[in-house]
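Q: Prediction below, plus the sequence it came from.
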Amino acid sequence: MNVRDDNVSEETKKLISSLQTDKDSKGKICKYQGCWYYYNTLQGVINFQKHFQPEDTDIVLASFPKSGTTWLKALSIALLERSKHDDPLTHPFLSDNPHGIVPFFEIDMYLKSSTPDLTKFSTSSPRLFSTHMPLHTVKEGLKGSPCKIVYLCRNAKDSLISRWYFRGKYQNKEVTRSILESMFESFCSGACFYGPIWDHALSYWRGSLENPNHVLFMRYEELKTEPCPQLKRLAEFLGCPFTKEEEDGGLVDKILDLCSLGNLSGLEVNKTGKNWMNMDYSNFFRKGEVGDWKNYLTPEMEKKLDMIIEDKLKGSGLRF
Ligand code: A3P
């Protein structure tokens, strides 16, 4: 076996040799607990599962990649920290991107170390973390903690198009039809980074039905069409509901404006800043539209993916 990723331990290499493996346009992937990871990310997942020490008040923001994670992070920070940042000139969004404030367990914290200094990663109280892992895998690291988990679900076809663009940006490559077609095939087979998308969403959907106080299931499309009630729903779940005075004072709209794509993408830190992997923060902002896939997928592609998802979600009560 040729595992090139230098952060992968001998133990994980041994584990990988027992897993189903495949390749996507970026590299080798393996299927662990029903989800596909690059080898180095799997090491981050395993480090997290073994070593993370949860606190009951922790909050975990979860999503499939390119589902609006940046937006969910921004909204959650703005809600939880609203009493601390009355002065818009000192708001943390001016000096950091939401991804710099809310770290991913398996990407930022545990990718390179099994014992990261957590105080460096989450300075908020309650601590805010994020992940792209499916629920059953996250739960192993949470070790029975009752901490709150918010999942943001997005239409699969929009996530795919967003992923195609994002990949082009950070690989500094032109987005071509042939790349989209190859990503589409992996996406449909489920063998893509963090796929299959249907199992990912189903894990949180079922978790939210089983324990709605523990897992909140939100949708990108609903945040777009009914932002005020959805923000209030998020605030209630996070234990920081809006007071009547706050609502009367227009705070719901202020937070929505602060976290809007237009506002965040226009901030200097997001125009010119980079994350620790040297990825431009500007890559996290594109159109933010519902149904943008219609501009790129053929009717045949639409039909194929719709049929697969419908079949996989049959009987679950989930549609997306
Ligand atoms: P598009 O590529 O469809 O425009 P993630 O944050 O999970 O990486 O997802 C990125 C997607 O969310 C991109 O979608 C991006 O434009 C959109 N997005 C980022 N910030 C947003 C915001 N504040 N409001 C709405 N959508 C946002």
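A: Now that the structure is in, tell me what you want to look at. Model, not experiment: these values are computed from the prediction.
Q: what does the helix or strand harbouring residue 203 contact?
A: Using DSSP states H and E, residue 203 maps to helix 197-210. The contact list for helix 197-210, computed with C-beta atoms under 8 Å, 6 or more residues apart in numbering, reads 34-35, 62, 64, 134-136, 149, 151, 153, 156, 159, 187, 190, 194, 214-217, 308-309, 312-313, 316-318, 320. In this view, the C-beta of every residue, glycine as well, is placed from N, C-alpha and C.
Q: same question, stretch 22-33
A: With contact meaning C-beta under 8 Å, 6+ apart, stretch 22-33 is reached by 3, 15-16, 19-21, 36-39, 42, 45, 134, 136-137, 140, 167, 171, 179, 182-183, 186, 191-193.
Q: now do 6 Å
A: 16, 19-21, 36, 38, 42, 137, 182, 186, 191-192 (C-beta atoms under 6 Å, 6 or more residues apart in numbering).
Q: centre of the chain versus that stretch, how much separation?
A: Mean C-alpha position of stretch 22-33 versus that of the full chain (C-alpha atoms, centre = their mean, to the nearest Å) differs by 18 Å.
Q: Only whichever of the contacts of stretch 22-33 are buried, select them in ChimeraX.
A: Buried residues among those (16 or more other C-beta atoms under 10 Å), as a ChimeraX selection:
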select :16,36,38,42,137,186,191,192
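Q: Tell me the helix or strand right after the helix holding residue 203.
A: Using DSSP H and E, the helix or strand that follows helix 197-210 in sequence is strand 215-219.
Q: who does that next one touch, helix- and strand-wise?
A: strand 148-153, helix 197-210 (3 or more C-beta pairs under 6 Å, 6 or more residues apart in numbering; DSSP states H and E).
Q: Of the ones you listed, flag the one that's most buried.
A: strand 148-153 (a mean of 24; mean count of other C-beta atoms under 10 Å).
Q: Show the average pLDDT along the helix or strand following it.
A: Scanning forward in sequence from strand 148-153 by DSSP H and E, the next helix or strand is helix 156-170. Confidence for helix 156-170, expressed as mean pLDDT, is 95.
Q: Any part of helix 156-170 near the ligand?
A: Yes. Using C-beta under 6 Å from any ligand atom, helix 156-170 reaches the ligand at 158, 162, 165.
Q: Check the residues you listed for burial and list the buried ones.
A: 158, 162, 165.
Q: Reformat these into a markdown table and put distance to residue 85 next to each item.
A: Converted to a markdown table, those look like this (distance: C-beta to C-beta, whole Å):
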| residue | distance to residue 85 |
| --- | --- |
| 158 | 31 |
| 162 | 29 |
| 165 | 31 |
